[in-house]
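Asks: Here is a sequence together with a model predicted from it:
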Amino acid sequence: MKILVHDFSGHPFQVQLSRELSRRGEDVVYSSCGAYVSGKGRLTAGPGETLTFQTVGDDIVFDKSSFVRRLFQELRLGVELVRHVRTVRPDVALMSNVQVPTLVVFAAAMMLTRTPWVLWHQDVYSVAIRSFAGGKLSRSFGLVARAFEVAERWCSHRAAAVVVIAESFVPVHRRWGTADKVTVIPNWAPLDEIVPLDRKNDWAVENELDDTLTLLYSGTLGLKHDPALLVSLAAEVRRAGRDVRLVVVNEGPAVGLLRAEAERRAVPITLLPFQPYERLSEVLATGDVLVVLLDQQAGAFSVPSKTLSYLCAGRPVLGLMPCENVAADLVNRTGGGVFAPSELDIPAAGAWAAELLGDPARRDQVGEAARELAEGEFAMQVCADRFERVLRLTVEGAR
């Protein structure tokens, strides 16, 4: 069975799934968008691996400042993705993190080529836009949200099967009339690639972070996040008497906001670009407390995958996120802290972090519980079995 796995973002667990399917004897091509800047997985083949890595849309420069320009860029990416599929000629394609305009172009072309495909639904984009319309986005985006919902629903109907990452996605597909083709497979993180390391490691020393307490955030910062909360949290921890430094690994417009806010509030901050994936374990080990951000309105349509990487790293996790989110439950089970993503909850979150930073033994205990939970929840064998079954049934159905 020839499988194309396309993940726009290039995240680690999609790569790991591709490696496992290839190891099982499937002919797998993995692709991502080379122009998209984010934390990536290990996107090169290792010794003896038969998995093929490719990129799409390398020369596209995504403009987040203009909705119209971004729309045309995503439509153009859809055309390039269709060309990519025609070159690969897979028996089945698995699509992850693909923006709605790109997905519409792709889905329409797959109808013509009769190529079966599976939607790996990571975010319900139309719900996200509707949630932020009138807040972080202008009210006119309410109309955009309705158009996106029509398009997203149409794409879901075109997919031969849909994999969603949480039960909270199922009511959406029930409303769209596609619940009968939905399989729930929670996300995970690669246990063998993200591992616990010593707090004082080479990366920490290189960045002069080995002898200071740190709150660390590593990942994207977009509409689903309020970056200023990171500075507020660090300021609150310092007010509680802990000499903590905020470390943020990110690229994009949030960097300037963080720098200005940290300067205004006299919070020591280290701002770094996305780091090579092979150093991610060192990066996460450098955080005495790892912080997750997720907007209250995003709780129903998104599960922050960075939480899963944090658990693999075996570090304490503090989540500023909706308590009903799937990731919040995982954090709570480790003894980590979950607080509402609001300035009103920052004093309680800061007090929790300050207490943990002052108790190394408890900090180690929470970190060990995080890794233990990850080892129990993120079994690659089980996840790959379920995906392989969905893909195989899709191919058989097409035949």
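Replies: The structure has been received and is ready for your questions.

Asks: What residues sit buried inside stretch 147-162?
Replies: Going by neighbour count (16 or more other C-beta atoms under 10 Å), the buried part of stretch 147-162 is Phe148, Glu149, Ala151, Glu152, Arg153, Cys155, Ser156, Arg158, Ala159, Ala160, Ala161, Val162. Any C-beta I mention is one placed from the backbone N, CA and C, and that applies to glycine too.

Asks: Show me how far stretch 355-367 is from its chain's centre.
Replies: Centroid displacement of stretch 355-367 relative to its chain, using C-alpha atoms, centre = their mean, to the nearest Å, is 26 Å.

Asks: Show me what counts as buried in that stretch.
Replies: Here stretch 355-367 shows Leu356, Leu357, Arg363, Val366, Gly367 as buried, counting by 16+ other C-beta under 10 Å.

Asks: Nearest to Ala189, out of these: which one, please.
Replies: If you rank these by distance to Ala189 using C-beta to C-beta, Gly367 comes first, at 15.1 Å.

Asks: quick revisit: could the buried residues of stretch 147-162 be laid out in CSV, adding distance to Met110, secondary structure and pLDDT?
Replies: Formatted as CSV, the buried residues of stretch 147-162 follow (distance: C-beta to C-beta, whole Å; DSSP: H, G, I helix; E, B strand; the rest coil; pLDDT from 0 to 100):
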residue, distance to Met110, secondary structure, pLDDT
Phe148, 19, helix, 82
Glu149, 20, helix, 87
Ala151, 15, helix, 92
Glu152, 16, helix, 93
Arg153, 16, helix, 94
Cys155, 10, helix, 96
Ser156, 13, helix, 96
Arg158, 7, helix, 96
Ala159, 9, coil, 97
Ala160, 9, coil, 97
Ala161, 13, strand, 97
Val162, 14, strand, 97
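
Asks: Just send these back as a markdown table, with distance to Asn207 too.
Replies: Putting the buried residues of stretch 147-162 into a markdown table (distance: C-beta to C-beta, whole Å) gives the following:
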| residue | distance to Asn207 |
| --- | --- |
| Phe148 | 40 |
| Glu149 | 43 |
| Ala151 | 43 |
| Glu152 | 41 |
| Arg153 | 46 |
| Cys155 | 42 |
| Ser156 | 43 |
| Arg158 | 46 |
| Ala159 | 43 |
| Ala160 | 46 |
| Ala161 | 44 |
| Val162 | 42 |
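
Asks: Going along the chain, name the strands of the protein.
Replies: 2-7, 27-33, 52-56, 92-96, 117-121, 161-164, 182-184, 213-218, 244-249, 269-272, 289-293, 317-320, 337-339 (DSSP state E).

Asks: Mind putting these into a markdown table with distance to Val79?
Replies: What follows is the strands of the chain, written out as a markdown table (distance: least, C-beta to C-beta, whole Å):
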| stretch | distance to Val79 |
| --- | --- |
| strand 2-7 | 14 |
| strand 27-33 | 13 |
| strand 52-56 | 10 |
| strand 92-96 | 15 |
| strand 117-121 | 16 |
| strand 161-164 | 24 |
| strand 182-184 | 28 |
| strand 213-218 | 33 |
| strand 244-249 | 33 |
| strand 269-272 | 35 |
| strand 289-293 | 34 |
| strand 317-320 | 39 |
| strand 337-339 | 42 |
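
Asks: centroid residue for the chain?
Replies: Per C-alpha atoms, centre = their mean, the C-alpha nearest to the average position across the chain is that of Ser305, at 4.0 Å.

Asks: thought Ala204 was touching Asp210?
Replies: Yes - counting by C-beta atoms under 8 Å, Ala204 does reach Asp210; the two are 4.2 Å apart.

Asks: Counting neighbours, go ahead and name the busier of the two.
Replies: Between Ala204 and Asp210, counting by other C-beta atoms under 10 Å, Ala204 is the more crowded of the two (22 against 16).

Asks: what's that one in contact with, if anything?
Replies: Contact analysis of Ala204 by C-beta atoms under 8 Å, 6 or more residues apart in numbering lists Asp210, Glu282, Ala285, Thr286.

Asks: so which of the residues you listed is the most crowded?
Replies: Within the contacts of Ala204, most neighbours by other C-beta under 10 Å means Thr286, with 29 neighbours.

Asks: nearest residue to that residue other than its sequence neighbours?
Replies: The spatial neighbour of Thr286 that comes closest, neighbours along the chain excluded (C-beta to C-beta, 6 or more residues apart in numbering), is Ala204 at 4.2 Å.

Asks: again, but for Ala35
Replies: Distances taken as C-beta to C-beta, 6+ apart put Ile60 closest to Ala35, at 4.6 Å, once the chain neighbours are dropped.

Asks: what about that neighbour, how many neighbours?
Replies: Neighbour tally, Ile60, other C-beta under 10 Å: 16.

Asks: For it, list the residues it contacts.
Replies: Cys33, Ala35, Gln73, Arg76, Leu77, Glu80.

Asks: Closest to Ala328 out of the residues you listed?
Replies: For the contacts of Ile60, the residue nearest Ala328 by C-beta to C-beta is Cys33; the value is 29.3 Å.

Asks: Val56 versus the closest one, what's the distance?
Replies: Counting by C-beta to C-beta, to the nearest Å, the separation of Cys33 from Val56 is 6 Å.

Asks: between the two, who's got more neighbours?
Replies: Cys33 (25 against 22).

Asks: That one is in contact with Glu74, isn't it?
Replies: No - the pair Cys33 / Glu74 is not scored as a contact, 10.1 Å apart, by C-beta under 8 Å.

Asks: Ranking helices and strands of this structure by mean pLDDT, which lands last?
Replies: Every helix and strand in the chain was compared by mean pLDDT, DSSP states H and E; the lowest is helix 125-132, with a mean of 58.

Asks: Centre of the chain to stretch 350-362, how far?
Replies: Counting by C-alpha atoms, centre = their mean, stretch 350-362 is centred 27 Å from the centre of its parent chain.

Asks: which residues touch that stretch?
Replies: Residues outside stretch 350-362 that contact it (C-beta under 8 Å, 6+ apart): 213, 215, 233, 235-237, 239-242, 244, 288-289, 316, 318, 337, 339, 363, 366.

Asks: Sounds good, over and out.
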